[in-house]
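Enquirer: structure for the following, please:
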Amino acid sequence: MDFSFSEEDLTLSRRVRSWVDGNLLFRTYDESDVYREAQRLLRQLGEQGFTAYVVPRKFGGVREKVRALDLCLLREELARGSSLADTMFAIQALGSYPITLAGSEGQRERFLPAVGRGELIPAFALTEPQAGSDLSSIETRAIKRDGNYFLKGVKCFISNAGLADTYVAFALTEPEKRAKGMSAFVVKAGSPGFVLKEKTSLLSPHPLGTLVFEDCPAELLGGEGEGVKIALGTLEVLRCSVGAAAVGFARRALEEAIRYSQRRVQFGQKLSSFEAIQFKLADMATELEAARLLVYQAAWMSDNESKDGRQKSSMAKLFATEAAQRIVDEALQIHGGSGVVVGSPTEKLYRDIRALMIYEGTSEIQKLIIARTLLEDGK
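Expert: Numbers count the residues shown, from 1 in each chain. This next block holds a predicted model:
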């Protein structure tokens, strides 16, 4: 494996970092108006050409195909500056990749160019009240009448709910087969029977809500029964980028901890002169470096279609998100009381980091994937 970045990769990373430093790093916003801020950020991401990395070149993108490495480079830098900017970029990728993966040429032409420009907002609607990690519990139905499909069911914890223009939704076309009878569909916001039931407030604000499909017209994506393949294929490509976002949060936390320890004086000397603080910083930096290496190893393997790519992506997400939680916690501890003041960088990071261990497969699910791969290889 070649872990060296090309000059083009390094240029992208530097360009995103420079933009983040100038536009996001110390920006605050009214968290009660998260939808407006999300739209503003997405517009800027499109103007900067960052969203073009989530679609193939044929449809206005930068690369011949979408690369996990690009997604990781972008998410690491964006997360360092703003969890909401990272979220909006990530959902552009998550909500559109199923169309890249399984859409017809016509579907790709209709949706992907606008996604790449940041003009069309997609979403990924999989989770239901009784179905999170367990896809066999999906209950939303797709009923076919006169050659057309209509969805009935509820989706919850959907990022960009109420904001997105299109949703890739998953529903059962053959309920008796459970998960094997699941298919993917494209649903347009505002269609008859499309209902935004509620907007959900989170610890770290971002657009999220519950959708209800009441005999809502939908367009089949791929073939009937291909829903699990499309969902898992999408999540497997995006999974290592969640680890990259965790690396971004952890980098910011370490930066804040170093800065604070060098200016805070206690007992007549700077915090950074105390051995206990030095040990904390050393542990934080080491975990951060290990997480970063795992993430980019996984991205490389994903882009090169390695047979071990799925396992490595799970390892990267598991380790990077758990390590980032520890790093952020230590950064807050170094800050003491000032670290828990609402609005401070460490307080915000403490809220931001927690969800990464849950979405796109919990830490426990990643452990199952890793263990089952090891056991299968040992047969």
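Enquirer: name every strand pairing with the top strand by length along the chain and say which way it goes.
Expert: For the chain, the strand with the greatest residue count under DSSP state E is strand 208-221. Paired neighbours of strand 208-221 in the sheet (DSSP bridges): strand 148-159 (antiparallel), strand 182-188 (antiparallel), strand 194-199 (antiparallel).
Enquirer: so the nearest residue to Leu221 once chain neighbours are set aside bridges to which residues?
Expert: Sequence neighbours aside, Ala184 is the residue nearest to Leu221 in space, at 4.1 Å (criterion: CB to CB, 6 or more residues apart in numbering). All C-beta spots, glycine's among them, are computed from the backbone N, C-alpha and C. Beta bridges link Ala184 to Phe170, Leu221, judged by DSSP bridges.
Enquirer: contacts only, for Ala184.
Expert: Ala184 makes contact with 98, 102, 168-170, 220-222, 226-227, 230-231 under the criterion CB atoms under 8 Å, 6 or more residues apart in numbering.
Enquirer: and the helix ranked longest in the chain, what does it pack against?
Expert: Ordering each helix of the chain by length in residues (DSSP state H) puts helix 227-263 first. Contacts defined by 3 or more CB pairs under 8 Å, 6 or more residues apart in numbering; DSSP states H and E place helix 227-263 against helix 68-81, helix 83-102, strand 166-172, strand 182-188, strand 269-270, helix 275-303, helix 309-335, helix 345-353.
Enquirer: could you point out which element follows it?
Expert: Scanning forward in sequence from helix 227-263 by DSSP states H and E, the next helix or strand is strand 265-266.
Enquirer: for Glu31, give me the pLDDT.
Expert: Per-residue pLDDT puts Glu31 at 84.
Enquirer: that one: neighbour count?
Expert: 15 (other CB atoms under 10 Å).
Enquirer: if I look at Arg14, how far off is Glu77?
Expert: Between Arg14 and Glu77 the computed distance is 9 Å (CB to CB, to the nearest Å).
Enquirer: and these two? Which one has more around it.
Expert: Counted by other CB under 10 Å, Arg14 and Glu77 do not tie: Glu77 has more neighbours, with 29 against 11.
Enquirer: number of nearby residues for the closest residue to the more buried one other than its chain neighbours?
Expert: Spatial nearest neighbour of Glu77, excluding adjacent residues (CB to CB, 6+ apart): Val16 at 4.0 Å. Per other CB under 10 Å, the neighbour tally for Val16 reads 23.
Enquirer: got the contact list for Val16?
Expert: Applying CB under 8 Å, 6+ apart, we find Val16 in contact with 50, 73-74, 77-78.
Enquirer: between these, which is closest to Gln262?
Expert: Distance to Gln262 across these (CB to CB) is lowest for Glu77, with 23.6 Å.
Enquirer: could you chop this structure up by domain?
Expert: 7-121, 123-225, 229-377 (automatic domain parsing).
Enquirer: I'd like the average pLDDT over the second one.
Expert: The one in question is domain 123-225. Here domain 123-225 scores 95 as its mean pLDDT.
Enquirer: Gln297 reaches Gln311, doesn't it?
Expert: No - contact criterion CB atoms under 8 Å: Gln297 and Gln311 do not qualify, at 11.1 Å.
Enquirer: so where's the stretch 251-379 of the chain uncertain?
Expert: 378-379 (pLDDT under 70).
Enquirer: residues contacting Gly222?
Expert: By CB under 8 Å, 6+ apart, Gly222 lies in contact with 101-103, 183-184, 229-230.
Enquirer: and what of Ala323?
Expert: Neighbour list for Ala323: 246, 250, 287-288, 290-291 [criterion: CB under 8 Å, 6+ apart].
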